[in-house]
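1. need a 3D model of the sequence below.
(2 chains)
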Amino acid sequence: MKKIIISVFLIFISVSFLQAQDMCVVRGKVTDGETGEALPGAIAMVDNSDPAIVSVTDYDGNFSLENVPVNTKKIIISFLSYETKIIENLNLPAGGVKVINLLLEKTDSEISEVFVSAKSLTNTENAMISYQKKSSGLVNGISSQQISKLGDSDAASALKRVSGVSVSGGKYVFIRGLSDRYSMVSLNGGEIPGLDPNKNTVQMDMFPSNIIDNIIVYKSFTPDLPASFTGGYINIVTKTYPEKFTLSFSTSFGYNTQSSLNKQFLTYEGGRYDVLGIDDGTRSIPAAAAGYVPFLYENNDELDKITGSFNKIMKTSYKKSFLNHSHAFSVGNQIKLFGKPFGFIFSGSCKRDFSSYDNGVYGRYNLIESGSAGIMNPLISETEQKGDEEVMMSFLAGFSYKINRNNSISLTFLRDNSGLKSARYREGQKPEDNLYMYEHVLGFQERKFLTEQISGIHVFPNILNLKIDWISSYTLSEQREPDLRFFNYDGEANQYSISYNAYPSPARFYRNLSEINSDTKINFTFPVKVFQKKSKFKAGGAYTYKSRISESRKFDILSQGLDFNGRIEDYLSDAGIGQNAENATYGLYVSDDVLTDAYNSYTASEYISAGYAMIDIDLLKKMKLITGMRYEYSYTYIENNVDPSNFKHVRAEQALNDFLPVLNLKYSLNKNSNLRLVYARTVARPAFREIAPYAYYDFKEGWRVVGNPELKRTLIDNADLRYELFGKNGDIFSVSLFYKYFNNPIELIDDPRANNAEFHYVNVDNSKMYGFETELKKHLNEINMPNFSIGGNYSLLKSQVKYVENFGSEDNSGVILQRPMYEQAPWVANAYLSYDNSDKGLNINAAFNIEGDKLAVVTKGATPNIYKKAYPDLKFNISKTFGKYFKIKFNVSNILNQNYKKSYNYKGKEYIFQSYKLGRTYSLSLSYDVN
Amino acid sequence: MKNKFLKTALSALMFSTVIFSSCKKDTPIEPNPNATTYEDDENGNITVTDKGEGTGNYTFTSDKVWILNGLVFVNDGQTLTIEPGALIKGKPGTGENASALIVARGGKINAVGTASKPIIFTAEADNAEGTGVGADARGLWGGLILLGKATTSNLTVDKAVEGIPTSETRGLYGGTNDADNSGTLKYVSVRHGGTDIGEGNEINGLTLGAVGSGTTIDYIEIVANNDDGIEFFGGAVMVKHALIVKCKDDSYDYDEGFHGKGQFWATIQAADSDRGGEHDGGPGDNETGTPYSKPEIYNATYISAAGSGSRTFTLRDNAGVTYANSIFVNFDKGVDIEYLQDDQANMVDCSYKMFENGNVHIQNNVFYNVAGQTDGSSYDSYELFKISTPKDDQGNPLYEAPQDKKDAWASAFTGNTNKISDPGISAANPVPSNPQTDDMASYPSGFENVSYKGAFGSTNWAAGWTLTFFKN
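-> Below you'll find the model as predicted:
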């Protein structure tokens, strides 16, 4: 099988060299300069050819001129009522492929010829801007070119550069300050699953840069998009097949000042395949413990056997770390298969990163108030060390076949794997109980992701010029967290103990989440005349299904007073297990509760059927109206994994119908600037867990969350006003104002009746949010700084949640919550300075990102909430090409190396919740590119 | 194969429905899915599973063993009667599986045992003689929880008992009636409980949430619980003749404005037990709220295991107390009281201020071998009566209490007729060989007017019916 794949692969590559040596192929795409849309029917012609070498652009604006003599001087592109472009300085490659993409502007004059040099015609960033310009909604995007320029390694860090976007925890994206509930992510337009059991959010670090062609962020809803986003809808577009043969390899090594080649890298003894990010079974639940675990005194012999079957490693240790390194390859081509164009791309990458610190501080406080006096009373005050080792592998395959001018089919496969091994160690005071504590946490997380997509485009020139496009996407994903181990103890100088009234007992936790998503969409587009005006009508439907299984299991490691000498390995040794002598105190044993495990596990699914119709009318000469309506029916279902015959089995379901209108006006002030006004209604549905009618304990967070089957979905009215000015070479300036009114938003609030932290999902009557965004990209040619460009964006957001909950009776009211929305940054700023000299192959960039303090942890009672402090992130990179194929790049990231800090603030004084530094990273990469 | 049959609270009703509806055509009988089941294995064991409707008005008879399967509630309006000599066992399990008997607000328990026929609550693996499991084994099942409608100092009237989510409304306590009556517990022994009910909360041996003074609790033994022996959350109940033995955490714990009474409270601690008494005023978010925690406790006998590092009792979070005619022995640390001040070093509301305002009375007690003090003529009262202040993040005091406060507090030891004297008691025999009968504080109403200090006079009232003194 392998041989066949390799030989097919070689054929694909070699076919492209079968061109005659004095001939070449010229391919490209023609775009309408005004609308930014593909221009079908334009004519591309080799000047002075006989017989004429001509190609007419297809529905996607693509043309292909074959057997073009390499000495050709000019190629002419023309279209009725558009200017004619004559391309010179062709520099055609013998036996190769030349790619020419260009814009044609509309013209009123009879003959308008523009001469352009082929050199200036390849800029994907321009394509992104033109997409932004033509789009009927409000969009921002980032191209692969820009991602690589700024040196971002995955989708999460690339998205930080988009105006109004912030990233939390290195993976969760917030758009316009709105969290997971209000944003959506898709891959090539097909919905993909999130891998968090409690959230509906996609982990963006799963998409390495080398598979990304571009990322588009839709900030306003149009009826052809799913309606369940309010902050934004992110579409990650993977690389498509190239116009001609491309081959690239790259390899990169990075040195982090704290984590690389460090002999004191915090880790623990794991399995054989940890370096690959795969657990070899070391962390699986032992076979003996897979089934029922008897309770103490129920069957002690069996229990002892089970206790002894677990591995004895619950302690962190040190090892020497290596350099960060990553490697990627990509190959693609367009060939003829049965006489028709067939394009393909294969792309793969792997990386291994080390991240650690031993400079961390961790503290917890509660506010003691007595009259006017208040004291932030320290509950825990510890130092913190952490070591994370992450391995990520991804593979992308894309195929596209053009059956004829009007029909094409594409296939995409994406496979991602990641493994994260992490160790954390804390020690310090627990003043409340007069203890000096030690905490070891050992974790491992495996994420897998497999997506298959098939899509097609069909144009029927004879039937209303109808265009049909469709995509069907199927994704399997899994997140495993096997054997998350916790071991806490306290004491000093040969006097140690495990005080499980003061902190949780040693435990092992296993969690698995798997999800299947399928998403099928179809769109019909055709031109119509409305009131004699040229218009475009679009209608379509979508059916999305997702189903999820979340399972967890927890074993407590207990003893009835077994001596603890401060050595974890002694405590866990077989000698301590069970009862050694008659009437002796019982030693080590495990305790597991099948019912609790089943109660906290769940199966859930969601179906959404949608249909929409919209029309795009040129209302006035300069005014475009886009209006329409989307209908969505959703059905959500969740049940916990308790046997249905047990009364603790719970299930909940919710079916909803929503009509979501859009009214969108675009007024062209002149050729280069637009004024846009958008109104749209969107929906935010409760996540699975939120409608589950029972309280579950979030073991990782340490609090209880109560679901609510009565929870209503939120309807959001969105209004946006944007001014945008487009300049040359992708320059852009835009200013936006937006306002959002949330009807019945869902918020998590602390129940004051509870003894421990217990959060409830409730519908607040309403909340409002407004903001301002501005974006600038500018080349500095005009001020005599050729090759220099600057850019940046700034967003200012304000939201407030205010609520009084009665909790059943007036007597329990008086709970007022007044705070910004959770995890919402009040402002986000980005800036970059870039020098790009393509003649010398030299590129230098500096990029800066910062976001304002944001609410990170909502605390119980009067204790101030915990905020994540602003973190200034500065990056620098320089790259230089050598010869035709090689490029060397040097990158410095996290230059400022500030403290990552979360803290309480009380009476103007800061109290640290968590603080650490991650060190600077210097990396050097070498790449080889043929294109 | 055991021939099981279901005896549900509603089975009789259902049966009659079947009979009376049999003349109708094809009326389907829907069994009530929330009905409590009483499952009899015909070996004398009846397993009780509460699916929401509580025990109903029901009697646990002494001829059967009653096995609590999960949380079993006596709901509002229901009365559970337990016959003398009845044996009640809790199934093992934690979290969702934790078993406990909970008398909800408005429910009543009528568990009146006798010295010869005590009512025993223990683990499923145990037996009435207490030989089924290790003598000190803890956390094998839940415990006994009484919830009432008396007042607390919580910000909200309703409060959820530890470990039970607010969505289970039967787990809420609190109200406005201090005279509320949750029933009677008499000659009841609760053994080996304290399982983790969720979130690291172990169930106390006896939890009393807002229990009113109409409730009678007399002759109670709590043995080897994994948490506190008895914990009071607000309420006004009086507990008499209580013996707490070898519990993991504190023996007697109160919080949230407990303002009841106690007489004849005894504890015998293990080496790993915590304080004799942990006494908090208000909850963390309302420490100075009212009603204040200031119970009156007379005739306590607290015995610790010397060398275990345990403290006699702690007063904090604005707690007050009266401890009189009591005996404390073998605690490594004395009594401490919390002092709080503002940024200008002015004292604010705290337990120390409660002391200054006459809400803390520790008087006419006998201490022996507490904080190392054994000499009645020469002792360090600063060690016996200490002041605690908040700590910084390194565990050091943020500030010291002013010297005059320290002096006033320490001198209250002798000033209140407390003394150092060996009563001649031990864990094996808490009855003083050297009876302490002089300098008696007089009793307020509601207390038995006995002429000795400590929980025991010349006899051991725990003898014969408790696990601890079963052989006596």
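
2. and the spatially most central residue of chain B, what does it touch?
-> With distances taken as Cα atoms, centre = their mean, B:Ile230 lies nearest the centre of chain B, 1.5 Å away. Under the criterion of Cβ atoms under 8 Å, 6 or more residues apart in numbering or on different chains, the contact partners of B:Ile230 comprise B:204-208, B:220, B:222, B:239, B:242, B:244, B:251-253. (Glycine included, C-beta is placed from N, CA and C.)

3. who wins on neighbours among those residues?
-> Ranked by neighbour count (other Cβ atoms under 10 Å in any protein chain shown), these have B:Ser251 at the top, with 34 neighbours.

4. ramachandran angles for that residue?
-> phi -80, psi -50 (degrees, to the nearest 10).

5. and it, how far from chain A?
-> Taking Cβ to the nearest Cβ, to the nearest Å as the measure, B:Ser251 falls 13 Å from chain A.

6. does that residue touch B:Ile303 like I think?
-> No. Counting by Cβ atoms under 8 Å, no contact exists between B:Ser251 and B:Ile303, whose distance comes to 9.7 Å.

7. for chain B, what is the nearest residue in the stretch 651-800 of chain A?
-> In the stretch 651-800 of chain A, no residue comes nearer to chain B than A:Ala695, which is 3.4 Å away by Cβ to the nearest Cβ.

8. what residues does the stretch 151-300 of chain B have near chain A?
-> For the stretch 151-300 of chain B, the residues in contact with chain A (Cβ under 8 Å from any Cβ of the partner chain) are B:154-163, B:165-169, B:172, B:196, B:198-202, B:227, B:248-249, B:272, B:274, B:284-285, B:287-288.

9. quick check: PyMOL command selecting the buried ones in the residues you listed.
-> PyMOL command restricting these to the buried ones, with burial defined by 16 or more other Cβ atoms under 10 Å in any protein chain shown:
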select buried, chain B and resi 154+155+156+157+158+159+160+161+162+163+165+166+167+168+172+196+198+199+200+201+202+227+248+249+272+274+284+285+287+288
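
10. if we can go back for a sec, can you count the residues close to the residue of the stretch 651-800 of chain A closest to chain B?
-> When neighbours are counted by other Cβ under 10 Å, A:Ala695 comes out with 21.

11. assign the closest residue to it other than its chain neighbours to helix, strand or coil.
-> With sequence-adjacent residues excluded and distances taken as Cβ to Cβ, 6 or more residues apart in numbering or on different chains, A:Ala695 is closest to B:Pro165, at 3.4 Å. Classification of B:Pro165 using DSSP: H, G, I helix; E, B strand; the rest coil returns coil.

12. and the gap between B:Pro165 and A:Lys902?
-> Separation of B:Pro165 from A:Lys902 (Cβ to Cβ, to the nearest Å): 27 Å.

13. one more: A:Glu551?
-> With Cβ to Cβ as the criterion, A:Glu551 and A:Lys902 are 31 Å apart.

14. please, where are all the strands along the stretch 51-200 of chain B?
-> Across the stretch 51-200 of chain B, reading from the start of the chain, the strands by DSSP state E, counting those that start in this stretch fall at B:58-60, B:65-68, B:71-74, B:79-82, B:87-90, B:100-103, B:108-112, B:119-123, B:144-147, B:159-160, B:172-173, B:183-191, B:196-198.
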